[in-house]
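Colleague: Need the 3D shape of this:
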Amino acid sequence: MSAKDPLPSFPWPSRPELRWAALFAAAFMLLTCLPYLFGLYLRQPGWYYSGLLTNPDDHNVYLSYLRQAHDGRVFFTDMFTTEHQPSRLVNVYFLIFGFGARLAHLPLPIAYHLARVVSGWLLLMSVYWLASQVLAGVASRRIALALVATASGLGWLFRAQGGQPHPIDYGPGLVMPEAITFLTLLLNPLFAFSMLLMVATLGLAVHAFASGSFRSAALAGLSALVLGNVHSYDLIPVGAVLAVYLLFALLTRRAPPRALLLAALIGLIASPALLHQLWLRSMGDMTIIVKLVGPPALAPPARYLALGLGLPLGLAAVAAAKALSRGSSDATRLLAIWLVVGFALVFAPVPFNRKLAEGLHVPVCLLAVAAVEPLWRPLPRRAWQLGAVLILLCLPSNVLYLKRAVGDLIANNQTYVVNLMPPLYLRPDQYQALRALDDAASPSDILLANTFLSSYAPSIAGVRVYLGHWSETLHYQDRKVNELAAFLRAGTPDAEREAFCREEGITYVVRDRTIYDSIFLPPAERAAGGFDPDGSAWLSRVYQRDRVSIYRVK
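Modeller: Just a heads-up that it's a prediction; the model follows:
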């Protein structure tokens, strides 16, 4: 078989199929915009809407990268911590959309959602391409695409607090957008783009092994190269799945010895991304250091992950067992190995194993449809009826998640203030203060403010902050939150405050005389308001509006 041959074992679907998939993906991604439009509708006059639904602290990190690219920077800095850093991180994903926002004069939240919609559409198209290799009927492929986009698990059964389980799709505990494709499409453009690259890398690599195509291997390597740059964690499951698949294929003589050469080619092309990460670590890049020494991102127990994946996981296990024990297509065997290896990796003894769940939902849903496809194969007219039942059984958690997200919009995230989660809307005085700082400050300036405002400062004001994110700020919980609380207390000697600011290089201090500052004060001081900067000779007030003031360190 020539390397120039079209993809024989991984053919493209027909044009009518692709047209349907493209329209479905576009319609679905437009539907995911509705909660954000509702958030915009709820915005009070003069208030700033972040364009977010949940976890604004994490998304503000991504927006800070967009802001840096928008400002013309190629090498990114961790704007949420003040330790020395060489600033050598390059992320092509944020560069493209950040530069695009600058050229098109788009506000960063709009650019962020454009990235989400485009990445989500591409992800759904790649899923349909992969489904066409596994499922025989067109109706089955369409049902699989709809299931990937909408399915969740059994978290909706466990809404009570206390000793109830904490599934990852919905419930009182950890919700994992990386493990539920609907949440990825709704919330996180980076995850959607990463999953797209995972599907492309795995699919093209398996085709290369089966056909001996150097072209497919080169494309898989390029896809892995970009994946390693934009979300390096995902190279771990991709590499592990391909290694197990290749070993299985060689032992069963389903791949020629030439496959080893093709695998080496894929690794060679992708290696610069890994080498860049290792170089960043050796350089002491803060974007790497904070992930190594900061709070771990641990996966929940296996039973909670299984409950969060729900009915599709049970069906997928049946299909995977058949695929590994009987003759099946290369794509089906790939999904089965992806399911087994991916599920095992989530519990690997590393402090970021939660992130290794990304993409696992794709083989779960596609194999689930493969398991039930024989039920409607004799009755093709019943396919959509049975498929609709399957989809409806997997919807409740996502419906409840949307309900909770709308409630958080209405309450402006006040439920999570005690957890130091930023608001979804900024008051006019808060937003205008950050805009004034954007006009006056430079990217080298460092801001000291409560974590609620500091979360937004890098993207709105373009400045670094002393603390602003539970993970991206080095020593956030064990030191810096306590230092902020001590700074704001009325009883702290003013000389200590001045020495602290000069030692840490802080150039601006913001006081927000509301609950956002008061949350760091002892109850007895909250009514009095704590520290009064106007009485400090080493501070000069440069901005005042309502309850927010900005002071420059003289």
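Colleague: Could you use CA atoms for every contact and neighbour count after this?
Modeller: Noted.
Colleague: now the helices: where do they sit in the stretch 1-150 of the chain?
Modeller: Remark: helices of the stretch 1-150 of the chain, listed N- to C-terminal, are 15-31, 34-42, 56-70, 92-104, 108-134, 138-150; assignment by DSSP state H, counting those that start in this stretch.
Colleague: Report the angle between the fifth one and helix 56-70.
Modeller: Looking back up the chat, that one is helix 108-134. 100 degrees (axes from the mean of the first three to the mean of the last three C-alpha atoms, to 10 degrees).
Colleague: and helix 108-134, what's its mean pLDDT?
Modeller: Across helix 108-134, pLDDT averages out at 97.
Colleague: what about that helix, distance to the chain center?
Modeller: On the basis of C-alpha atoms, centre = their mean, to the nearest Å, helix 108-134 sits 14 Å off its chain's mean C-alpha point.
Colleague: Could you name the helices and strands sitting against that helix?
Modeller: Counting contacts by 3 or more C-alpha pairs under 8 Å, 6 or more residues apart in numbering; DSSP states H and E, helix 108-134 is packed against helix 15-31, helix 56-70, helix 92-104, helix 138-150, helix 181-187, helix 189-211, helix 330-345, helix 361-376.
Colleague: Nearest to residue 275 among those helices would be which one?
Modeller: Of all the helices and strands packed on helix 108-134, the one in closest proximity to residue 275, counting by C-alpha to C-alpha, is helix 92-104 (15.9 Å).
Colleague: Mind giving me the packing neighbours of the closest one?
Modeller: Using 3+ C-alpha pairs under 8 Å, 6+ apart as the contact criterion, the elements in contact with helix 92-104 are helix 56-70, helix 108-134, helix 214-230.
Colleague: Output stretch 240-250 in CSV, but only the C-alpha positions, please.
Modeller: Once non-C-alpha atoms are left out, stretch 240-250 reads as follows in CSV (Å, rounded to 0.1, in the frame of the first residue of the first chain):
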residue,chain,number,x,y,z
ALA,A,240,0.4,5.3,26.8
VAL,A,241,-2.6,4.3,24.6
LEU,A,242,-0.5,4.2,21.4
ALA,A,243,2.2,2.1,23.1
VAL,A,244,-0.3,-0.5,24.3
TYR,A,245,-2.1,-0.5,21.0
LEU,A,246,1.1,-1.0,19.0
LEU,A,247,2.2,-3.8,21.3
PHE,A,248,-1.1,-5.5,21.0
ALA,A,249,-1.1,-5.1,17.2
LEU,A,250,2.4,-6.5,16.8
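Colleague: just for this protein, where's the confidence low?
Modeller: Low-confidence segments of the chain, defined by pLDDT under 70: 1-11, 160-163, 326, 380.
Colleague: Show me the domain layout of it.
Modeller: Residue ranges of the domains in the chain are recorded as 15-49+107-152+177-298+310-394, 425-553, according to automatic domain parsing.
Colleague: Please produce CSV containing those domains, extended by distance to residue 170.
Modeller: Rendered in CSV, the data for these read as follows (distance: least, C-alpha to C-alpha, whole Å):
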stretch, distance to residue 170
domain 15-49+107-152+177-298+310-394, 8
domain 425-553, 22
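Colleague: Throw those into CSV and include mean neighbour count and distance to residue 78, thanks.
Modeller: Formatted as CSV, the entries for the domains of the chain read as follows, by neighbours: other C-alpha atoms under 10 Å; distance: least, C-alpha to C-alpha, whole Å:
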stretch, mean neighbour count, distance to residue 78
domain 15-49+107-152+177-298+310-394, 20, 6
domain 425-553, 19, 7
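Colleague: re the thing from before, between the helices and strands packed on helix 108-134, which gets nearest to residue 428?
Modeller: Closest to residue 428 of the helices and strands packed on helix 108-134, according to C-alpha to C-alpha: helix 56-70, at 18.0 Å.
Colleague: counting contacts, what elements does that closest one pack onto?
Modeller: Contacts of helix 56-70 with other secondary structure elements, assessed using 3+ C-alpha pairs under 8 Å, 6+ apart, are made with helix 92-104, helix 108-134, helix 457-460.
Colleague: make it 6 Å
Modeller: Applying 3 or more C-alpha pairs under 6 Å, 6 or more residues apart in numbering; DSSP states H and E, one finds that helix 56-70 makes contact with helix 92-104, helix 457-460.
Colleague: what packs against the last one?
Modeller: Using 3+ C-alpha pairs under 6 Å, 6+ apart as the contact criterion, the elements in contact with helix 457-460 are helix 56-70.
Colleague: Quick one: residues in contact with the helix it packs on.
Modeller: With contacts defined as C-alpha atoms under 6 Å, 6 or more residues apart in numbering, helix 56-70 is touched by 94-95, 98-99, 102, 455, 458-459.
Colleague: In JSON lines, list those along with distance to residue 88.
Modeller: Conversion of those to JSON lines gives the following (distance: C-alpha to C-alpha, whole Å):
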{"residue": "94", "distance to residue 88": "14"}
{"residue": "95", "distance to residue 88": "13"}
{"residue": "98", "distance to residue 88": "17"}
{"residue": "99", "distance to residue 88": "18"}
{"residue": "102", "distance to residue 88": "21"}
{"residue": "455", "distance to residue 88": "22"}
{"residue": "458", "distance to residue 88": "18"}
{"residue": "459", "distance to residue 88": "19"}
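Colleague: sorry, back to before: of the helices of the stretch 1-150 of the chain, which approaches residue 209 most closely?
Modeller: With C-alpha to C-alpha, the closest approach to residue 209 among these belongs to helix 108-134: 15.3 Å.
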